[in-house]
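[1] Task: produce atomic coordinates for the following.
(one chain, ligands or ions: 1)
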Amino acid sequence: MEYEEPKFFHVMQYAAGAEGDVIDMVSGNPDWEPPAALREALREYADLPPDAFQYPPSEGLLELREAIAERRNVDPDRVVVTNGTGEANYLAMARAFERDAGDEALLMDPVYPYYPGKVDMLGGESTLVPTARDGGLDVDAIREAASEDTALVVLNTPNNPTGAVYDLDALREAVAVAESVDALVMVDEVYDHFDLTGGFESALTLESDRLIATSGFSKSMAITGLRVGYGVFPEEHVGDAKTRHMLVNVTGARPSQYAVHHALAETPSDYYAEARDLLADRVDAFTDALDAAGAEYTRPEGAFYVLARFDDFPGTMANVKRLVDEAGVAGMPGDAFGTARDEWIRFALVTPRTAEAAERLADYFGD
Ligand SMILES: Cc1ncc(COP(=O)(O)O)c(C=O)c1O
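    Predicted structure coming up:
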């Protein structure tokens with residue numbers, strides 16, 4: 001299997017090498033502070049005795065698994081702490097395929113690019129399923145695509161890149177479709193704290209024994225570098241997930257898990273609310289400018305991103321580079337996210353310069 005450089009690395013490198021000042025709206029790295037309790041716990045960690053520098057239990061520190069389980073209202077035995085949501089997604093997908101229940105994964109289009117990459121790596125076949133114009137689930141399309149060969153249905157809410165927050169009834173129907181063809185459902189909820197509608201409900205509330213929920217703290221605590229995520233697996237599948245996690249990684253990083261555990265216990269809900277408010281203000285500023293630029297877009301209901309379509313300016317890599325050079329704004333080409341939005345460009349609102357970027361786009365595309 002050949003290493004393929006992710007497109008976002010390529011755009012970021014291009015933007016870094018550009019002549020003028022460029023506002024980076026490429027990847028989803030939060031620009032705000034992690035919780036104070038997390039910094040404090042990391043400081044404290046440096047002075048702990050030597051056993052704190054040794055392997056933690058492979059499935060994660062018990063106190064962290066218990067805290068996650070309490071928040072998710074599940075048995076701690078079902079929780080595996082992973083190296084980010086990315087690893088939890090890998091474990092879920094691998095489990096779906098190793099059951100000999102088919103080779104196909106249904107992925108919603110537009111799609112977070114690491115999903116088809118992982119399916120491919122695991123020897124599966126991806127089928128892209130259309131979604132509604134606003135990114136919401138099209139259950140009929142899922143039903144039509146599902147077959148005996150479907151081993152896995154992959155969902156992500158709040159969604160990257162569309163910003164859609166899935167309706168729980170639609171999710172329930174999607175799970176029923178999966179059940180009817182003996183497929184597992186993976187629901188990636190890494191943006192669960194960034195629901196701007198107030199209506200997000202975790203898929204775990206569906207209590208399906210086919211459903212694997214994945215999430216992590218990269219986004220909610222603004223710590224993409226610490227690599228702490230988790231999967232909540234049905235009882236029947238959790239043992240296999242733990243084994244794979246152990247054989248691939250031995251375990252995860254103890255200081256990161258320790259710090260996240262402290263931050264979970266000691267961070268007031270205001271911390272999360274402030275980050276959400278910041279994001280909501282940025283959505284307002286950015287979409288106002290998109291109106292001024294005459295762009296088409298869907299106002300995100302959650303996550304960090306806005307997809308926009310500008311007339312006569314399809315979201316190709318060449319046009320994204322043109323935007324870097326001529327407008328000083330770097331986004332992601334829509335064709336990196338499957339086939340549904342190759343006319344579009346995705347902008348990540350995780351820069352303090354969001355309003356300035358918006359003005360630049362309005363000036364560049366406006367009349
Ligand atoms: C949908 C989705 N899932 C997973 C990840 C990776 O999360 P983590 O840093 O927890 O591995 C991202 C990161 O951007 C994402 O957008």
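
[2] Please identify the residue of the stretch 51-200 of the chain positioned nearest to the ligand.
    Residue nearest to the ligand within the stretch 51-200 of the chain (C-beta to the nearest ligand atom): Gly84, separated by 2.6 Å. To be clear about C-beta, it is placed using only N, CA and C from the backbone, and glycine gets the same treatment.

[3] In contact with that residue: list those residues for me.
    Counting by C-beta atoms under 8 Å, 6 or more residues apart in numbering, Gly84 touches 216, 218, 224, 227-229.

[4] likewise Arg43?
    By C-beta under 8 Å, 6+ apart, Arg43 lies in contact with nothing.

[5] and it, what pLDDT?
    Note on Arg43: pLDDT of 98.

[6] Adding neighbour count as columns, could you present the contacts of Gly84 in JSON lines?
    Shown next, in JSON lines, are the contacts of Gly84 (neighbours: other C-beta atoms under 10 Å):
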{"residue": "Gly216", "neighbour count": "29"}
{"residue": "Ser218", "neighbour count": "22"}
{"residue": "Thr224", "neighbour count": "16"}
{"residue": "Arg227", "neighbour count": "20"}
{"residue": "Val228", "neighbour count": "27"}
{"residue": "Gly229", "neighbour count": "26"}
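
[7] Now do the helices in the stretch 51-200 of the chain.
    With helices called from DSSP state H, counting those that start in this stretch, the stretch 51-200 of the chain shows them at 62-72, 84-98, 114-121, 139-145, 168-180.

[8] highest average neighbour count across those helices?
    Of all the helices of the stretch 51-200 of the chain, helix 84-98 has the most neighbours on average by mean count of other C-beta atoms under 10 Å, namely a mean of 23.

[9] Looking at that one now, give me its mean pLDDT.
    Average pLDDT, helix 84-98: 98.

[10] from the chain's centre, how far out does it sit?
    Centre-to-centre, helix 84-98 and its host chain are 14 Å apart (C-alpha atoms, centre = their mean, to the nearest Å).

[11] same deal with stretch 287-295?
    That offset, for stretch 287-295, works out to 26 Å (C-alpha atoms, centre = their mean).

[12] CA-only coordinates of it, as PDB, when you get a sec.
    The C-alpha trace of stretch 287-295 is given here as PDB (Å, rounded to 0.1, in the frame of the first residue of the first chain):
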ATOM      1  CA  THR A 287     -21.700  33.400   6.600                       C
ATOM      2  CA  ASP A 288     -22.400  37.200   6.500                       C
ATOM      3  CA  ALA A 289     -19.400  37.500   4.300                       C
ATOM      4  CA  LEU A 290     -20.400  34.500   2.200                       C
ATOM      5  CA  ASP A 291     -23.700  36.300   1.600                       C
ATOM      6  CA  ALA A 292     -21.800  39.400   0.500                       C
ATOM      7  CA  ALA A 293     -19.700  37.200  -1.800                       C
ATOM      8  CA  GLY A 294     -22.800  35.700  -3.300                       C
ATOM      9  CA  ALA A 295     -21.800  32.200  -2.300                       C
END
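
[13] If anything else comes up later, I'll come back, but that's it for now.
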